[in-house]
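K.L.:
Pasting a predicted model and its sequence here:
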Amino acid sequence: MNRRALLSSTGAGMALGFCAAVVAAAPGCAPVEAPAAERTDPALDLLTTYRAQMEAFNNTPTGISDEDLNALRDQTWGPFFEEINAEPHKMPACTSLAGVAMVLRVVLAEQNLYDFDEALVRSALAFFDARPA
């Protein structure tokens, strides 16, 4: 899906200058509040930030130039997408159930949009692989 189609499907309406700010998680997906002992999960942190920045980007008004959209992408979700989707995958392993739950939410919400499902699934499986059988 290209960014114009993505923007059209989101009901854009937030001012461009505000879009660089981090906003709440995407509607329709309940946030996962990790116990204090688990709040150091790098996968959870990365995906939470990625989703918040994607939401900010999706709320941009239509009718702005491709150049401005590319700049906004680079200011919001772009760097986090690159970290998730880098070759070889740099997606950190989940270290908490909350991280695994976030991976599953992102895979379900963005299936077929991007080609990073494998990196996300590997991140979630690493959590279980690190546990004794």
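P.N.:
Done, it's in.
K.L.:
Show me what the strand or helix carrying Arg51 is packed against.
P.N.:
Element membership for Arg51, per DSSP states H and E: helix 42-58. Applying 3 or more CB pairs under 8 Å, 6 or more residues apart in numbering; DSSP states H and E, one finds that helix 42-58 contacts helix 78-85, helix 97-109, helix 117-129. Yep, even glycine has a C-beta here, placed from its N, CA and C like the rest.
K.L.:
thinking Pro42 is in contact with Thr95, fair?
P.N.:
Yes - if you go by CB atoms under 8 Å, Pro42 and Thr95 touch, sitting 7.1 Å apart.
K.L.:
where does the protein dip in pLDDT?
P.N.:
Low-confidence segments of the chain, defined by pLDDT under 70: 1-39, 87-89, 112-113, 115.
K.L.:
Buried residues of the helix holding Arg51, list them for me.
P.N.:
43-44, 46-58 (16 or more other CB atoms under 10 Å).
K.L.:
One more: stretch 85-95?
P.N.:
Buried, per 16+ other CB under 10 Å, within stretch 85-95: 85, 91-95.
K.L.:
which non-adjacent residue is nearest Tyr114?
P.N.:
What sits nearest to Tyr114 in space, not counting adjacent residues and going by CB to CB, 6 or more residues apart in numbering, is Asn85, at 6.9 Å.
K.L.:
Spit out the contact partners of that neighbour.
P.N.:
By CB atoms under 8 Å, 6 or more residues apart in numbering, the contact set of Asn85 is 91, 114-116, 119.
K.L.:
what's the burial count for Glu82?
P.N.:
Number of residues near Glu82 (other CB atoms under 10 Å) recorded here: 11.
K.L.:
List the contacts of it.
P.N.:
Contact analysis of Glu82 by CB under 8 Å, 6+ apart lists nothing.
K.L.:
separation between it and Asn58?
P.N.:
18 Å (CB to CB, to the nearest Å).
K.L.:
again, but for Ser96
P.N.:
To Asn58, Ser96 is 27 Å away according to CB to CB.
K.L.:
The closest residue to Phe128 other than its chain neighbours: neighbouring residues, count only.
P.N.:
Nearest non-adjacent residue to Phe128, counting by CB to CB, 6+ apart: Val100, 7.8 Å away. Val100 is flanked by 22 other residues according to other CB under 10 Å.
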